[in-house]
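# Sharing a model prediction with you, sequence too.
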Amino acid sequence: MNDSASNPLAPPQSKGAPRSLSIAMLGSGGSGVMTAGQQLLDAAGQAGWYGMMTRSSGPQIRGGEAAALLRLSPQPVETHKGRFDILLAIDWLNADRFVGEITLDSNSVVIGDVGGKVPEAISAMGGRYMELPLSELAKGISGGRPNMVALGALAQLIGLPLEALEKGLTKSLAKKGEAAIEASMAGVRAGIEQASAIPDIPPFRIDANSQRERWSITGNEAAGLGAIRGGVRFVAAYPITPGTEVLEWLAPNLKKVGGVLVQAEDELASINQLIGGSFGGTPSLTATSGPGLALMIESIGLAVASETPVVIVDVMRGGPSTGIPTKSEQSDLNIALYGLHGDAPHIVVAPMSIGDCLFTTQWATHLAETLQTAAIVLSDQSLGQTRALIDRPADIAFVSGGRKITRQAEDFRRYVVNESGVSPMSIPGTPGCQYTADGLEHSPTGTPSSRAEDHIQQLNKRKRKLDRFDYGSHWAKVEGEGDIAVLTWGSSTGPVSEAIDMLAAEGRKVRLVSMRLLLPAQPERLAAALAGVTRTLVVEQCHGAQFYHYLRAHYDLPGELRSMAVPGPLMIRPDDVYSELKAWEHL
Amino acid sequence: MENANSCPSLKPNEYKSGTKPVWCPGCGDYSVLLSITKAMSELNLEPENVALVSGIGCSSRLPAYLNVYGFHAVHGRALPVATGLKVSRPDLTVLAAGGDGDGFSIGGNHFMHACRRNVDMTYIVMDNQVYGMTKGQASPTTDPDWDKSKLTPGGTKINPYYPLVIALASGANFIARASSTDPNGAAKVLVDAIRHPGFSFVHMLSPCVTFRPEQKEWKKMVRPAPVEPTTDAAVAAKRLMTDDNFFLGTLYKGNRPAYQPELKSTVEHLSELEQGFIL
């Protein structure tokens, strides 16, 4: 039960935050919940809505329990709410595993198949229970499946037009043929009919009809597109959950643009293949997750020392070790920032939404190429594997500041010490500019050197090129005003931003600072963003408060500081941040 | 490959950078350096169209001594760097080089997969059966009873690794042995290896005069293989498994096509990639 009258810290219902509907579909593996969820999202898109869908399942390949978590809205949404309006289960096998992820209250509706037994943990949360003959109706249709009946019933409950479902289904089942489309549509129609007979349906309907060009995209796909827009034409990688979809999207698409993806034998090979590709003049990128990043670390240092641009997209998951591969966490921050041996200045950036995976990956590629260094992009499972309906991301073209040379140059010295710190980089094939790239410390010509003078000059140069660069307004998202601020990064930005909107609806102003650029640190910019702030809440999905400690190490922060550091696998929800702020504010 | 990267001939010496090697006097690697320059001269390669990638170790210092593009990478990773370079720049002539520890121990997995992947490059492993740069420890090719290392008192008691057999089993397309004690013969093998499409592996005997002085005897033990190179993997397997490690020459020439994806754009504009996302 969620009663805002009796509990002053309880978040308000749909005030401030986007008016939206949250739907959870559960079923055992193979029951088709993911397919049905995907089609519900597609149909919502066809009807002019926005929304997102997260796949939640265990580590097993098939079987076990699966959940499709959807949030649909007339406006773009970047996070789930903890509370769900509708929970529909195709079956209840192991459904109680999702209790921590799904909150219901007395206004929720719970739908199950006839004769199913709702687990105690779910019925205890409240909500109105109703049964629909999902399997019985499916049995009456040739090729019919309960998940399509469920899809029709949900569409009817939330007011999605039949044409939108039909358009979505026709598109996604085009390859399976007419018969498959007809069987699915028959199931959908049966579900619609069944649900329209339910009396007294709660007012779930939302009206939306965006006319803008919208995309259906996951964070992993967006990162892939960002890479190609940034000029990446060579990718080497080793499969790993939850980063693999970046590679699966890139493999066919790189081919179309004259690039190539090589599946390497391990992550040691993939990072070093990138270094080779980049040395040859081709912008190069890989995608991985924590364990893969750990394996790559030594050679990321080689990229830094040899000043060879490379981009590593780390789609973070729960750690340490194998951890929780299918769930999100922001706990690779330390290794990305500090994992390299020696003094190795490099770039660390983080996308703050699914759509932003595109921009941030493109920007990271631009920075790596321009500054001739390694750039690590910290995405995570919740961004990477969630599909969202978003407005078409803007086309952004960066002017390359790289100093690659392909024509003979006078007095070429690959590691020449200059004011910008960025030296000319000749591309093999360029006559008269041959050099040996080296992970050994070197002189300006690249000759190995252990002289103190060469070491300090090259250390200064590699630091200076990052410090002097103007990162512009891309370094962070800074919004709002007031003397309370929330400082966050990456996927925690969505729930924080929505919590701030909830407070704004109550007339309370809270500032948001979400940092896209984590290395090199930007102390002057952050000081300006926090001017006048007396209290700052630091929000991150990480047990060790790595972001909080990073801030303490690199920045002078004004006023009182509080850390909200929550480990995965459960996502931080807007309500959690709202309650934390309310508790601190004593409002 | 018969290659496009040829030019009016440079003398072998003109492929050297002039940087003085760090190697001990008498090291076999000086002679390997000479053989590589002879091979490049023979093939009329333009220095700017050649890249030599190495790992870490005495022999891996080689790139800095040549006037071609070079990459002195980290320990064990020469092959992946060379792979990434060649796949994305098929126009270049790519060589990889290093020692037995670099290639067969820390880089062993890459060796197997480079053979299997069959990218068009030549890999030269200077084998002296010892880690020289760290002052004399046993490597994967060291005999089990070699007891001069403090790290393995009494010897390793582990049988050595047979790189040529592993190369064949893993799919290398060209397998040869050469020796630093015969620079002209080695240069000839290298010319052959560079010309052959796909992954060419050259096992280069190169004595370590400091930690394995007994290897000075190798020059008396090496001799040309009494057979022509075979294209039959089964014949090669028998040959390589019964050979005494001192037969020189090209021993196997496969005819598998090299791995080289076509790098050709088929779209006019990047927006074509976005079509799948549009609702």
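Cool, got the structure.
# residues contacting A:L93?
Counting by C-beta atoms under 8 Å, 6 or more residues apart in numbering or on different chains, A:L93 touches A:28, A:65. Heads up, the C-betas are built off the backbone N, CA and C, glycines and all.
# tell me the secondary structure for it?
At A:L93, secondary structure determined by DSSP: H, G, I helix; E, B strand; the rest coil is coil.
# Would you mind measuring from it to A:G27?
A:L93 sits at a distance of 8 Å from A:G27 (criterion: C-beta to C-beta, to the nearest Å).
# what is in contact with the two at once?
With C-beta under 8 Å, 6+ apart, A:L93 and A:G27 have common neighbours A:E65.
# Where does A:D454 sit, in terms of helix or strand?
helix A:452-467 (DSSP states H and E).
# Beyond that helix, next helix or strand please.
strand A:476-479.
# And that next one, what's buried?
Buried residues in strand A:476-479, counting neighbours by 16 or more other C-beta atoms under 10 Å in any protein chain shown, are found at A:476-478.
# got the contact list for the following helix or strand past it?
Per DSSP H and E, the first helix or strand lying C-terminal to strand A:476-479 is strand A:484-488. Residues from elsewhere that reach strand A:484-488 (C-beta under 8 Å, 6+ apart): A:496, A:499-500, A:509-515, A:530, A:533-540, A:547, A:551, A:557, A:577, A:581, A:585.
# Provide a list of residues in contact with residue 68.
As the question left the chain open, I've gone with chain A. Going by C-beta under 8 Å, 6+ apart, A:A68 touches A:24-25, A:33-34, A:36-38, A:40, A:53-56.
# right idea, wrong chain: chain B
B:V68 neighbours (C-beta under 8 Å, 6+ apart): A:434, B:15, B:40, B:45, B:47-48, B:50-52.
# Spit out the contact partners of the residue nearest to it when sequence neighbours are not counted.
Closest residue in space to B:V68, ignoring its immediate chain neighbours: B:V50 at 4.0 Å, by C-beta to C-beta, 6 or more residues apart in numbering or on different chains. Neighbouring residues of B:V50 by C-beta under 8 Å, 6+ apart: B:5, B:40, B:68-69, B:92-95.
# need these in JSON lines with secondary structure and pLDDT, can you?
Below are the contacts of B:V50 laid out as JSON lines (DSSP: H, G, I helix; E, B strand; the rest coil; pLDDT from 0 to 100):
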{"residue": "B:N5", "secondary structure": "coil", "pLDDT": "63"}
{"residue": "B:M40", "secondary structure": "helix", "pLDDT": "98"}
{"residue": "B:V68", "secondary structure": "coil", "pLDDT": "98"}
{"residue": "B:Y69", "secondary structure": "strand", "pLDDT": "98"}
{"residue": "B:L92", "secondary structure": "coil", "pLDDT": "98"}
{"residue": "B:T93", "secondary structure": "strand", "pLDDT": "98"}
{"residue": "B:V94", "secondary structure": "strand", "pLDDT": "98"}
{"residue": "B:L95", "secondary structure": "strand", "pLDDT": "98"}
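# which one of those sits closest to B:F199?
B:F199 has its nearest neighbour among those in B:V94, at 10.6 Å by C-beta to C-beta.
# number of nearby residues for the closest one?
27 (other C-beta atoms under 10 Å in any protein chain shown).
# Show me where the stretch 1-150 of chain B has its helices.
Assigned by DSSP state H, counting those that start in this stretch, the stretch 1-150 of chain B shows helices spanning B:28-42, B:78-88, B:100, B:108-117.
# what's the third one in contact with?
Defining contact as C-beta under 8 Å, 6+ apart, one finds that helix B:100 is touched by B:125-130, B:139-141, B:163.
# Show me the beta-bridge partners of the residue in the stretch 401-550 of chain A positioned nearest to chain B.
Going by C-beta to the nearest C-beta, chain B is nearest to A:T436 of the stretch 401-550 of chain A, at 3.3 Å. Beta-bridge partners for A:T436, by DSSP bridges, are B:G70.
# A:G402 versus that one, what's the distance?
20 Å.
# okay, the two: which has more neighbours?
Legend: neighbour count by other C-beta under 10 Å for A:T436 and A:G402, higher for A:T436 (29 against 18).
# Tell me the confidence at the more buried one?
On the pLDDT scale, A:T436 is placed at 98.
# Now do the same contact list for it.
A:446, B:63-64, B:69-72.
# hmm, try it at 10 Å
By C-beta atoms under 10 Å, 6 or more residues apart in numbering or on different chains, the contact list for A:T436 reads A:306, A:414, A:442, A:445-448, B:17, B:19, B:51-54, B:61-66, B:68-72.
# if we can go back for a sec, quick one: mean pLDDT over the helix holding A:D454.
Averaging pLDDT along helix A:452-467 yields 98.
# ok, now stretch A:212-224?
96.
# Please export the C-alpha coordinates of that stretch as CSV.
The C-alpha atoms that make up stretch A:212-224 are tabulated as CSV, following Å, rounded to 0.1, in the frame of the first residue of the first chain:
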residue,chain,number,x,y,z
ARG,A,212,7.9,13.4,-34.5
GLU,A,213,10.3,10.9,-36.0
ARG,A,214,10.9,8.5,-33.2
TRP,A,215,13.3,5.6,-33.0
SER,A,216,13.1,2.2,-31.2
ILE,A,217,16.6,1.6,-30.0
THR,A,218,18.6,0.0,-27.2
GLY,A,219,21.6,1.7,-25.5
ASN,A,220,23.9,-1.0,-27.0
GLU,A,221,22.6,-0.3,-30.5
ALA,A,222,22.9,3.4,-29.9
ALA,A,223,26.6,3.0,-28.9
GLY,A,224,27.2,1.0,-32.1
